[in-house]
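Student: Need the 3D shape of this:
(one chain, ligands or ions: 1)
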Amino acid sequence: MLDPDLIARFTAIVGAHNALTDEADIAPHLSEPRGKFIGKSRLVLKPGSTEEVSAILKLANETGTAIVPQGGNTGLVGGQIPLGPEVVVSLSRMNRIRHLDEADAVITAEAGVTLQHAQEAAERKGLMFPLWIASQGTAQVGGNLSTNAGGINVIAYGNTRDLCLGLEVVLPSGEVWNGLKTLRKDNTGYDLKHLFIGAEGTLGIITAASMKLLPKPSDRATVFASIASPGDALALLSLVKKMSGSAVVAFEILPRSGLDMVIAHAGCRDPLEAPSEWYVLFELAGFNDAPEMEEAATGILAVAFEEGLVADATIAASGQQAAELWRLREMMSEVQRLEGGSIKHDISVPVSKVPEFLDSASEKVRQMIPGCRPVPFGHIGDGNIHFNISQPVGADREAFLAHWEHVAHEVHAIVRALGGSISAEHGIGTLKRDEMAATKQPVEIGMMRAIKQMLDPNGIMNPGKVL
Ligand SMILES: Cc1cc2nc3c(=O)[nH]c(=O)nc-3n(C[C@H](O)[C@H](O)[C@H](O)COP(=O)(O)OP(=O)(O)OC[C@H]3O[C@@H](n4cnc5c(N)ncnc54)[C@H](O)[C@@H]3O)c2cc1C
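Tutor: Numbers count the residues shown, from 1 in each chain. Below is the predicted model:
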């Protein structure tokens, strides 16, 4: 329990307006998108500056008060949800873009800037911030960095880690590290920013970041194609890469089971006439005048039809049509809620092993829960599949969800056997913490604990998460 005197001391740092103590005001900070974790906290602080974050952590460290950093609260593993009496530090008021340098192609944004805000700022200068995730209207730059978010463009531009040039971080002691460099090359010893990227708020609070911007492509082609199998998806990916070089900026796989749900619940229409077991959605981007990318896509499809890799396909004829095709993919996770319970996994395996993973995992879960409906989709170009399973039609939702841990255990065993990862892009948080021992080597866990102990000896930062 936080005593009233301590609450008053924290409140004095941010001002009464920015310290939430009322249950109704705190409630939105205690629930998360999947409704799996309901948190507990008596205090949410909304600092407006790095100095205020520093004062909060200094006081927390002195008094042994546990802190949970929170960005847009879109995380999918419960990392941003306080488990006990922790104080939530919401970065949402730190939402200024400090600098955008066109010549250096760098944006320096505070942690609470939403991803979409950062993208729009870049676009106003004819540039692009190429991180793209469906939660971008709410997710924040600090949260993206702390989870090392991925998304649909990783195949071309890498994940958040690859886009970061520098960080400003408040350490658990309250000390501020200004590492907001904008250098493309800097080989001066340990690259400390990488400790905080993907740390899920367990090592400090990111207050600002310098991120790479790229030229914004002027020409795009979006293609939706039906294919017979995930193996054919990979053969098509090789063809696309061979024929378009670095123009491929997204390459996603979608199953018919998911398409049916999107058509039934999201008001989308089937873009192709004949149904197929599997589909791919891919995008090419270039810098010359249109229709160069459309011509490239047409050429790729001609060869793919000839080689029997594609049964049917459509190329978006307008931006509106491209958005409609992307909506099929974006809605795929959300509509599963309307089909009852859904057990979700976010895994990666070497790209070549995706078909084997899909065969083995689908067979396994069908054996475990007869009638369940696998809806695996996602970033096949990166070997990252969201292996979601919808409950059998008419089954009891809670009884189905009670299988989550057991099913995840079996699916993750297949992932490990294939040399994969149990968290490709969502992180560990609370959801997967207990699987870390089976996931990492003892020497890795030992190094992680040593780093945690060195930076946060009093264990105030996001306790119970990741480790
Ligand atoms: C509809 C939907 C689609 C999504 N699609 C994708 C996707 O394609 N790819 C993907 O990778 N993820 C995806 N996600 C997951 C989520 O959006 C990302 O993990 C995102 O990066 C989280 O950002 P956030 O600001 O919401 O962070 P939060 O959820 O608030 O926090 C996430 C973690 O980061 C920590 N944290 C937050 N801010 C800071 C900070 N400033 N300093 C230190 N620690 C901090 C928190 O303590 C927590 O552990 C999706 C989520 C939803 C709901």
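Student: the bottom helix or strand of this structure by mean pLDDT?
Tutor: For the chain, counting by mean pLDDT, DSSP states H and E, helix 436-439 ranks last in confidence among helices and strands (a mean of 91).
Student: which outside residues touch that helix?
Tutor: Outside helix 436-439, the residues that touch it by Cβ atoms under 8 Å, 6 or more residues apart in numbering are 412, 416, 421, 422, 428, 432, 445, 466, 467. C-beta here means a position set from N, CA and C on the backbone, and glycine is covered the same way.
Student: all strands of the stretch 351-467 of the chain, in order?
Tutor: 373-379, 384-390 (DSSP state E, counting those that start in this stretch).
Student: Turn these into TSV, including distance to the ligand.
Tutor: What follows is the strands of the stretch 351-467 of the chain, written out as TSV (distance: least, Cβ to the nearest ligand atom, whole Å):
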stretch	distance to the ligand
strand 373-379	8
strand 384-390	8
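Student: and the closest residue to the ligand within the chain, what pLDDT?
Tutor: Across the chain, the shortest distance to the ligand (Cβ to the nearest ligand atom) belongs to residue 143, at 2.0 Å. Predicted confidence (pLDDT) for residue 143: 98.
Student: Quick one: name whatever helix or strand follows the helix or strand containing residue 122.
Tutor: Per DSSP states H and E, residue 122 falls inside helix 115-124. Per DSSP H and E, helix 115-124 leads on to strand 127-128 as the next helix or strand towards the C-terminus.
Student: From the rest of the structure, what touches the next helix or strand after that following strand?
Tutor: Downstream of strand 127-128, the first helix or strand assigned by DSSP H and E is helix 141-147. Outside helix 141-147, the residues that touch it by Cβ under 8 Å, 6+ apart are 69-72, 74-75, 79-80, 91, 94, 109-115, 118, 131, 133, 149, 160-161, 164, 167, 196-201, 205-207, 209, 211, 425-427.
Student: so how far is residue 163 from the residue lying closest to residue 34 once chain neighbours are set aside?
Tutor: Once flanking residues are discounted, residue 34 sits nearest to residue 76: 6.2 Å by Cβ to Cβ, 6 or more residues apart in numbering. Separation of residue 76 from residue 163 (Cβ to Cβ, to the nearest Å): 20 Å.
Student: Can you give me the buried ones in the helix holding residue 122?
Tutor: By 16 or more other Cβ atoms under 10 Å, the buried positions in helix 115-124 come out as 115, 116, 117, 118, 119, 121, 122.
Student: Also stretch 21-28?
Tutor: The neighbour-count criterion (16+ other Cβ under 10 Å) identifies 21, 26 as the buried residues of stretch 21-28.
Student: Determine how far the last residue of that stretch lies from the first.
Tutor: By Cα to Cα, to the nearest Å, the extent of stretch 21-28 from end to end equals 12 Å.
Student: what's in contact with it?
Tutor: With Cβ under 8 Å, 6+ apart as the test, stretch 21-28 has contacts from 7, 11, 20, 41, 42, 43, 44, 73, 88.
Student: Give the closest residue to the residue positioned nearest the centre of the chain in space, chain neighbours not counted.
Tutor: Centroid-nearest residue in the chain: residue 149, 3.7 Å away (criterion: Cα atoms, centre = their mean). The shortest distance from residue 149 to any non-neighbouring residue, by Cβ to Cβ, 6+ apart, is to residue 160 (4.9 Å).
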